[in-house]
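Asker: fold the following.
(one chain, ligands or ions: 1)
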Amino acid sequence: MTLFRKILILILAGSILPASAQVAKRSSVTLQHGAHRLGRRTDPAMARWRAYGLGQFLHWGVYAIPGGHWKGKYYAGAAEWIRSWPEMPKEEYDNLYKQFNPTGFDARAWARQAKEMGARYVIITTKHHDGFCLWPSKYTSYTVAHSPYQKDVIGALTDAYKAEGIDVYLYFSIIDWNHPGYRASLNTPADRQAYEGFKTFTRNQLLELLERYPACKGLWFDGTWDKAWVEQAAFADSLETELRSKIPGLVIGSRFRADENGKRHFDSNGDLIGDYEQGWERKIPDNIQQLNGNDWDCVMTIPENQWGYHSDWKGHVKTSTELLEMMVKCNAMEGNFVLNFGPDGNGKIREEETRLAREIGDWMKTNSEAVYNCGYAGLEKQDWGYFTRNRQTGKIYLTIFNRPVNGKVRVRLPAGRQLRTVRELKGATLKTEEIRKQEYFIELKIPAGNIPQVLEMELSEGSSSGKEEEAKT
Ligand code: FHN
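Answerer: Sure thing, here's the model as predicted:
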């Protein structure tokens, strides 16, 4: 990339986000397999991705059959990892697909529920680390086609979600415990030879997925931390280019490939690899500066760490209010929030997830205006909740999660901006009081059900009138 092009891209990227959300670049070494681009993607496909606000993650596979238990013993880890448990005989796990017959599976019901919840995109596990494929891959017999169920699950889900207007992204694990050529590390020439076969298989499967499901908008990669894969910088780089050539606008995050020095997510220059940062799993950044101006998503579980179906959730299970707060917090820092669901072995979504989806959906029905296509508002984070700003209309929203006991929220504005009006979404204008320079009280009306409430705020240019003197200290 020429210096001129680099500078141009940085200027363009800088025009998207306010300066306070940007971080200066660090070093500059020449890389063959580093970031393909500096700054954010500006094309319509990526703008669409950025506007989602809320997504759904689906983890489904044969691990849903044991559901975190084996022969009366409880597996405390993430249910989809049960094959790696010493108590789990590998041979028996690898034959579980012979019992995969989810007669209760109704792709349209899942899609309707996701739509009701307000999800704008879904990420579906085509195959997890166990290697079991939910589509009839012609490159292995370890697929749904060879299970008693036989039907193409990915095809059914892709069609159903598309029919609901929800964009589909395909999750794909590079770790594949079922493939004979798979290795976590390459220690001998024989390992290297076997892994060449695995790389061909991986490429074939990925091209197959894009060919079979051309409506897919992106690939969500996982299991790319193995040393064996990290060493494949050249292969993975050229494969990424090939995949992108198959579907225009395809979105791929930072978890697919490493650079030639083994750096993942960010290359040796500190530049993001891929289209968005994919490292925010079950955690959310504290402030927007941590994100260096990059796009990002947060994938979140409902219990602490269960993705696939575990029949017996232990520990804290998040409430809809907690999840809504996480979502708006992400949106306020330019991120998408993706909530995970793990349907059971019969294809049913568990009661707890159904209830949460309904509660989130109820809130979204009146308040999603503050979520969809909303991002960083350029205002300082305050105690009551989060500011978001619609990227198209410029409208600024306040979503209040911590209602003060005096019933008033205190809003601080930066110099040069004044509060003009505040109103409830589709509701009344609220009383405001200027309490000191650039600081206001907004008198709240407590909503029925004590739910988080959204206000819309209009600002005007200029400084507020307060003439109070600064204390001499
Ligand atoms: O090991 C997986 C885990 O099972 C789950 O799929 C999550 C989802 O992001 N990804 C991996 C851990 O990072």
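Asker: CA atoms for contacts and neighbours, from now on please.
Answerer: OK.
Asker: residues of the stretch 301-450 of the chain that sit close to the ligand?
Answerer: Neighbours of the ligand within the stretch 301-450 of the chain, by CA under 6 Å from any ligand atom: Trp307.
Asker: for the ligand, what's its nearest residue on the stretch 301-450 of the chain.
Answerer: Of the residues in the stretch 301-450 of the chain, the one nearest the ligand is Trp307, at a distance of 5.9 Å by CA to the nearest ligand atom.
Asker: double-check that Gln418 belongs to a strand.
Answerer: Yes: secondary structure of Gln418 (DSSP: H, G, I helix; E, B strand; the rest coil): part of a strand.
Asker: host element of the residue of the stretch 301-450 of the chain closest to the ligand?
Answerer: Counting by DSSP states H and E, no helix or strand carries Trp307.
Asker: show me what contacts it?
Answerer: Applying CA atoms under 8 Å, 6 or more residues apart in numbering, we find Trp307 in contact with 59, 78-80, 301, 340-342.
Asker: and with 10 Å instead?
Answerer: Each residue near Trp307 by CA atoms under 10 Å, 6 or more residues apart in numbering is listed here: 57-60, 78-81, 300-301, 339-343.
Asker: what is the mean pLDDT for the helix or strand hosting Leu323?
Answerer: Following DSSP H and E, one finds Leu323 within helix 320-332. Averaged over helix 320-332, pLDDT sits at 98.
Asker: give me the buried stretch members for that helix, please.
Answerer: 320-321, 323-332 (16 or more other CA atoms under 10 Å).
Asker: count of neighbours near Glu456?
Answerer: Neighbours of Glu456 under the rule other CA atoms under 10 Å: 22.
Asker: hang on, it in a strand?
Answerer: Yes: counting by three-state DSSP, Glu456 falls inside a strand.
Asker: beta-bridge partners for it, please?
Answerer: Taking DSSP bridges as the rule, Glu456 bridges to Tyr397, Arg423.
Asker: so it is in contact with Leu419, correct?
Answerer: No: in this structure, Glu456 is not within contact of Leu419 by CA atoms under 10 Å, at 11.2 Å.
Asker: Gln56 versus the most centrally placed residue in the chain, what's the distance?
Answerer: What sits nearest the mean C-alpha location of the chain, by CA atoms, centre = their mean, is Asp297, with 3.6 Å. Asp297 sits 12 Å away from Gln56, going by CA to CA, to the nearest Å.
Asker: now do the SS call for the residue of the stretch 51-200 of the chain found nearest the ligand.
Answerer: Nearest to the ligand in the stretch 51-200 of the chain, going by CA to the nearest ligand atom, is Glu80, at a distance of 5.7 Å. On the three-state scheme (three-state DSSP), Glu80 is labelled helix.
Asker: measure it to Thr158 for me?
Answerer: Computed as CA to CA, the Glu80 to Thr158 distance reads 22 Å.
Asker: what do you get for Arg120?
Answerer: Arg120 is 13 Å from Thr158, by CA to CA.
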